[in-house]
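J.: okay, predicted coordinates and the sequence, questions at the end:
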Amino acid sequence: ETQTKCGTISLFSHLHQYSRKAPLTQQLSIPSTVIHPSIVRLGLQYSQGIVVGSNARSVALLHAFKQVIRDYTTPPNEELARDLVNKLKPYISFLNQCRPLSASMGNAIKYIKKEISNIPSQFKEEEAKTKLQKCIDCYINENVVLAAKAISKYAIKKISDGDVILVYGCSSLVNHILCEAYDKSRKFRVIVVDSRPRLEGREALRRLVQRGISCTYVLISALSYILPEVSKVFLGAHALLANGYVMSRVGTSQIALVARTFNVPVLVCCETYKFCERVQTDSFVSNELDDPDDLMVTRKGKTQLENWHDVSSLGLLNLVYDVTPPDFVDLVITDLGMIPCTSVPVVLRVKNLEQ
Amino acid sequence: MPGADKETDLTERIEAFLADLKRGGSGTGPLRGSGEMARETTYLLRRITAQARWSSAGDLMEIIRNEGRRMTAAQPSETTVGNMVRRVLKIIREEYARSRGSSEETEQQESLHKLLTAGELSEENFRQHFVHLKANVIEAINELLTELDGTTDNIAMQALEHIHSNEVIMTVGRSRTVEAFLKDAARKRKFHVIVAECAPFCQGHEMATGLSKVGIETTVIADAAIFAVMSRVNKVIIGTQTVLANGGLRAVNGTHSVALAARHHSTPLIICAPMFKLSPQVFTTIFYPFPGSFSYCLPVLREILSKVNVHCPVFDYVPPELITLFISNIGGNAPSYIYRLMSELYHPEDHKL
């Protein structure tokens, strides 16, 4: 239940409060019997945190849609173009209820809907389905795989020997860049900053150490202690908003702020398919609230917040995202090149014209 | 012989205190707040004054200085011990000067004028014997103890002057002073408190449960969300481990990020610190890492633990430019005034024990 227990959480009362304890199907308004099984599975994977990360979620979504298209048959007296789009609508709202859609997923869905509507009516069903599946593969290849290669090429130019690079949490793109740079024999070491309660940095640490990169691990509260050693900060992004703000995992804005104070350059790496036409200036209007019970912890045998539900004046807040103002970011590396934060609307316009 | 018994008893107590200090630092002993530390130190110094063998003020000061050096060496991060030693040394100087009959004002502080007009250095060797010096010093130390007992209440009494209704106040980790401060204000005003949990030890959780028990609306957030939430915060009120001589702080790690976020949003940063935390040290780059805390930093990663460096600093340095106000038991002060307060509490020759 979404109980607004106290004042500060009332700032977020317009957002849905997620709770891992309540079973998923209880909270949904659509009976899951009309949803395709691969979509149901995907929804569960999202809500349980098995599939996390902007890229991973979009790619999983597109693969699930490919399955849906494969199993789809046009009903009699219906056009594929219109009917398939209508079929996808309840799936999308189901996924949104499992976990709010990310900007990358939103853009992917827009692309698919456009492709489906553009199927010429004379195509036979099999032709149309193959074409759609090819479109999806092409989208994934261009926007995720090749984009990562292009971004790595640009980013490696920014990594010099002897660098100490700071990364935060687990960004698939940043990990890819660092592994590529290491393969190209750049000498650098990495500092992985992590934060409770998600502790995603451990995953990044594992991947980097397996490659052989020398790493240091700190929690975000040790930032001021470790920053004097750092030469560059590489951050991933969940989305880039049209007013130049970077939406990313909570804590990113703090890292950018402290790095700016110590005069350390901050580079954000982001594929262009994550660019979004929304604008936002603070982290309250549109955010995600994760399970507050994750904040509980046991130290020296005592769990202080064990009975926080019973105390009416105590609340726990577990934010997922925050927005970083563009003046903290020095450079954004995208597959179209290295741009400043404020050039996001330019890129959006160029992409719209292309389509 | 009674004299020898007292001496052995005294040395036993001193050794026990030193052992306690050492254990407190290694995390195995009981964790004590700075207020308790200050009181224990002062009790011990009073006992030394009463029971040790000395004939002139100079002897007593030598004894206390030696013990003070040993105590600070046992646990360098516990600065209140050194501060209390310096307070007591200043008390001894003052009582000696009073006994000698010279007026207090002329002995008071070093000033540029005095340095120029003094001529040769007045060699004060504290060798004269006064009969009532011991009683006077012990009485002055008792006054110091009463002052120590009342610090938290004195600070809490000022709470209503600083908090208005419907405020959102942010605090970091756990500070007994700030807890008392907020609880006192909550008796008459309604406000919200956001507590940053301060990983990896998460003392913020204890603070939040303590505040919510008296009905203050409290929210616990993760450290990473400090900047995200700061734009809706009206004031940041935190405690500290030490106040340094330049007005800066040595506080729990994560405080520097909070101070920077507060400055970015032009939110006032208020420090509640009693006067016994004021230390004549200046910023050094020695942070005292807590051994045994790495297990909290790096859960469940045994296989790569050998290939990774883990850092877990305990303290942060916060420069005085980021601080708006100090609230102490003698009132509110700007950080630029701290050097003056220090000259009232400690004698310049005692800055280095």
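T.: Ah, there it is.
J.: where does the stretch 201-350 of chain B have low pLDDT?
T.: B:284-302 (pLDDT under 70).
J.: quick one, helices of it?
T.: Taking DSSP state H, counting those that start in this stretch as the test, the helices found in the stretch 201-350 of chain B are B:203-213, B:226-230, B:255-264, B:294-297, B:338-345.
J.: do the same with the stretch 51-200 of chain A
T.: Under DSSP H, counting those that start in this stretch, the stretch 51-200 of chain A gives helices at A:54-71, A:80-98, A:103-117, A:125-140, A:147-157, A:172-183.
J.: between these, which gets nearest to chain B?
T.: With C-beta to the nearest C-beta as the criterion, chain B lies closest to helix A:172-183 of the helices of the stretch 51-200 of chain A, at 14.2 Å. C-betas here are computed from N, CA, C, even on glycine.
J.: close to chain B, is that closest one?
T.: No. Using C-beta under 8 Å from any C-beta of the partner chain, helix A:172-183 stays clear of chain B, with a minimum separation of 14.2 Å.
J.: chain center to that helix: distance?
T.: Mean-position distance between helix A:172-183 and its chain equals 18 Å (C-alpha atoms, centre = their mean, to the nearest Å).
J.: likewise stretch A:74-82?
T.: The chain centroid and the centroid of stretch A:74-82 are separated by 34 Å under C-alpha atoms, centre = their mean.
J.: got it, and stretch B:306-316?
T.: Taking C-alpha atoms, centre = their mean, one finds the center of stretch B:306-316 at 25 Å from the center of the full chain.
J.: hmm, that stretch touching chain A?
T.: Yes. Residues of stretch B:306-316 are located near chain A by C-beta under 8 Å from any C-beta, namely B:307-313, B:316.
J.: element containing A:M247, please.
T.: Take DSSP states H and E as the rule and A:M247 turns out to sit in strand A:246-249.
J.: ok, the helix or strand just after that strand near chain B or not?
T.: Heading C-terminal from strand A:246-249, the first helix or strand you meet, by DSSP H and E, is helix A:252-261. Yes. Contact of helix A:252-261 with chain B (C-beta under 8 Å from any C-beta) involves A:253-254, A:257-258, A:261.
J.: same thing with stretch A:221-236?
T.: Yes. Interface with chain B: stretch A:221-236 contributes A:221-226 (C-beta under 8 Å from any C-beta).
J.: now that stretch: buried residues?
T.: By 16 or more other C-beta atoms under 10 Å in any protein chain shown, the buried positions in stretch A:221-236 come out as A:221-227, A:230, A:232-236.
J.: B:H129: which of those is nearest?
T.: Taking C-beta to C-beta as the measure, B:H129 sits nearest to A:Y225 out of the buried residues of stretch A:221-236, at 51.4 Å.
J.: which residue is the nearest non-sequential neighbour of that closest one?
T.: Once flanking residues are discounted, A:Y225 sits nearest to B:P313: 4.4 Å by C-beta to C-beta, 6 or more residues apart in numbering or on different chains.
J.: quick one: that neighbour and A:L227 touch, right?
T.: No. Under the criterion of C-beta atoms under 8 Å, B:P313 makes no contact with A:L227, lying 11.9 Å away.
J.: roughly how far apart are A:K351 and A:Y273?
T.: Computed with C-beta to C-beta, to the nearest Å, the distance linking A:K351 and A:Y273 is 9 Å.
J.: what count of nearby residues applies to residue 194?
T.: No chain was given, so I picked chain A. Residues lying near A:D194 (other C-beta atoms under 10 Å in any protein chain shown) number 26.
J.: let me rephrase: I mean chain B.
T.: By other C-beta under 10 Å, the residues close to B:I194 number 27.
J.: contacts only, for it.
T.: By C-beta atoms under 8 Å, 6 or more residues apart in numbering or on different chains, B:I194 lies in contact with A:8, B:168-171, B:218-219, B:221, B:229, B:233.
J.: in the sheet, who's paired with it?
T.: For B:I194, the beta-bridge partners under DSSP bridges are B:M170, B:T219.
J.: state the pLDDT value of the residue nearest in space to the middle of chain A.
T.: Among the residues of chain A, the one closest to the centroid is A:S54, at 2.7 Å (C-alpha atoms, centre = their mean). For A:S54, the model assigns a pLDDT of 90.
J.: now swap in A:S32 and tell me
T.: pLDDT for A:S32: 58.
J.: then the one 4 residues further on?
T.: Per-residue confidence (pLDDT) for A:H36: 89.
J.: I'd assumed A:I69 was in contact with it.
T.: No. Counting by C-beta under 8 Å, A:H36 stays clear of A:I69, with 10.1 Å between them.
J.: adding secondary structure and pLDDT, write the buried residues of stretch A:221-236 out as a markdown table.
T.: What follows is the buried residues of stretch A:221-236, written out as a markdown table (DSSP: H, G, I helix; E, B strand; the rest coil; pLDDT from 0 to 100):
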| residue | secondary structure | pLDDT |
| --- | --- | --- |
| A:S221 | helix | 91 |
| A:A222 | helix | 90 |
| A:L223 | helix | 92 |
| A:S224 | helix | 91 |
| A:Y225 | helix | 90 |
| A:I226 | helix | 92 |
| A:L227 | helix | 93 |
| A:V230 | coil | 96 |
| A:K232 | strand | 96 |
| A:V233 | strand | 97 |
| A:F234 | strand | 96 |
| A:L235 | strand | 96 |
| A:G236 | strand | 95 |
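J.: wait, what's in contact with the closest residue to chain B within the stretch 251-355 of chain A?
T.: In the stretch 251-355 of chain A, the residue that lies nearest chain B is A:G251 (3.0 Å; C-beta to the nearest C-beta). A:G251 is in contact with A:168-169, A:193, A:195, A:220, A:322, B:222-225, counting by C-beta under 8 Å, 6+ apart.
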